[in-house]
Structures are given as C-alpha cells and as structure tokens.
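**Q** For reference, the sequence and a predicted model appear below.
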Amino acid sequence: MIEEPYRWVEAIANRREYIEDQLASGGPIACLSCAAGILFLSAGRERQKIFEIYDRIAMGAVGHPGDIERLRMAAIEVASTEGFTRSASDVSLRRLAAYSLSPALKTAFEQVYGAPYLVRMLFAELGRGSAPNLFVRIEYDGSLHTNGGMLGRSFEDFGVISGTASSTEWMEQFLKGKSLAQAPLEEALRTALETWSVGRLGLAPDAPKELPAAEAIAAHLKEHLADLEVEAALLERAARMPATFRPIGAGELEPILAIFR
C-alpha cells in the first residue's frame, strides 16, 4: 500500500515524458495583437492548425489530429451552449479554459490507465472596446498560462506555442519588448513569420542557447517557405458581423512572403 503513491508519481513522470516526446516535432504557432485585431500564423505541409471557436475566440493547436479535433469540438459546444442559454456576450475565454477544457485535460492526464490527450493549445479572445486581448495556453496536463493582467503584471500582446518548451521560450523572448498592439497587419504578418522561424530553429536538437540573429532568421525563412504552406487568420476588430474570424488569403500573404524569397 505504501508503494502505491510512488508508483502513481512514477507513472505520471513517464506519462509526461511520453507526451513531450510525441509533441516535440509540433510546428510553432504565433499569435499577435495588431491594429486590425489578433493575428494567428503557422506554416506546414499538411493539416489545418488554426480554428474558429466562437464570435471573438479562436485557437491554434499542435499534437495528434484526433485529439485536437475532439477538444476543438468540445470548445465549440461549450461556447455555443453558453451563448444560447445566456447570451453571446457571456461567452468568455477565461470561463471556457478554466472551467471546461483545463479540468478535462487534467483528468485525462492523471488517469494513468487511460489515454491522455496528445495536444498543446493556444486560445485568443479579442477584447471588447478598450479591454485588452487575452491569450491562454493550455497544456496537455490542464495547466494554464495567460498573457498577464493579474497581480500587477501587465498584459503581453502575444501568445505562442511550439513542440518543445525551449522553442516556446525562444518565441516569447523574441516578441518581448516589441510594440505589437498598434502595428499594421503587414508588419504583424512579418513579425509573426519571423517568430515562427525562431520557433522552428529552436526545435533543432543542436539549437544554440542564444536567440538566432536576424540574418539567420531571414536565411531560414528563405530556405523553408518555398516548401511550406503558410496558414494565417485574423480575429478582426472592425468586422461588421459578430463572428470576427477571417482566414487570410494568398493575396494578402504574398507581398510579405516575397520579402523572404
């Protein structure tokens, strides 16, 4: 009996190691505030990674496609149910993350005889009026990481995720100190592409400890963008409809991509 708690702790440690290994190749996703709203951007060869959830809420995710889809549908159902039973203005990312998704992920992670979620998610909510935008990262174990605003900490104008913690930290370091909230969409797209590149460079097993120089970022983008599809979407502040999610097409992306070719 005495051994049981230790076996559980060991099982949890092994479970965490397994999940981190499965997520390690997950491509970065950058999410930035800008003058137009909130920009999501990633790049890859195959599947979609950026999704609309509700009127002012969107998500990006890395991990197993089946787990991403299950959690995406769960998020849509919770938000839609609350919007229907109460009102659309009552739907909030904080409630969705803290009272629905986080507990579900924590439960699945700690039930060591069941399959965990192989997923890492990033949500963003467009602030109403003068309210700041909210970014929330939800880990596979249910832990939450926000962009601030509590205990005297100022809000950061971005959120990022990637396959590894070190890659995510690189992206955060790259964005800290940058003036993002009032940047035009073209500038935000360029910054998001550079942030994605920093994250990809940080995924390399032999990645250096210091952030890459601007020349290395540009060289990486020039080398890889030709083989990848860039996926981008905007939660648009000036949208006329309640639903603010808008995919960014090739016409808007091409002038920015041309800079790095």
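**A** Yep, it's here. Numbers count the residues shown, from 1 in each chain.
**Q** Can you list the low-confidence ranges for the chain?
**A** Across the chain, the ranges flagged by pLDDT under 70 are 1-6, 149-154.
**Q** could you pull out the helices for it?
**A** Secondary structure of the chain (DSSP state H): helices at 3-23, 65-85, 93-96, 102-110, 165-175, 185-202, 214-224, 250-259.
**Q** Save the ones you listed as CSV, and put in distance to Leu134 and mean neighbour count too.
**A** (Each C-beta comes from the backbone N, C-alpha and C, glycine too.) Output for the helices of the chain, formatted as CSV (distance: least, Cβ to Cβ, whole Å; neighbours: other Cβ atoms under 10 Å):
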stretch, distance to Leu134, mean neighbour count
helix 3-23, 24, 13
helix 65-85, 14, 16
helix 93-96, 5, 19
helix 102-110, 15, 17
helix 165-175, 16, 20
helix 185-202, 17, 23
helix 214-224, 28, 15
helix 250-259, 25, 13
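**Q** Output those helices as CSV; include the columns distance to Arg47.
**A** Converted to CSV, the helices of the chain look like this (distance: least, Cβ to Cβ, whole Å):
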stretch, distance to Arg47
helix 3-23, 15
helix 65-85, 6
helix 93-96, 23
helix 102-110, 21
helix 165-175, 19
helix 185-202, 16
helix 214-224, 18
helix 250-259, 18
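**Q** Which one, of these, ends up nearest to Leu234?
**A** helix 185-202 (7.3 Å; Cβ to Cβ).
**Q** Give me the angle between the closest one and helix 165-175.
**A** 150 degrees (axes from the mean of the first three to the mean of the last three Cα atoms, to 10 degrees).
**Q** when you compare where helix 185-202 runs with where helix 214-224 runs, what's the angle?
**A** 90 degrees.
**Q** what packs against helix 185-202?
**A** Counting contacts by 3 or more Cβ pairs under 8 Å, 6 or more residues apart in numbering; DSSP states H and E, helix 185-202 is packed against strand 29-34, strand 37-44, strand 158-161, helix 165-175, helix 214-224, strand 229-236, helix 250-259.
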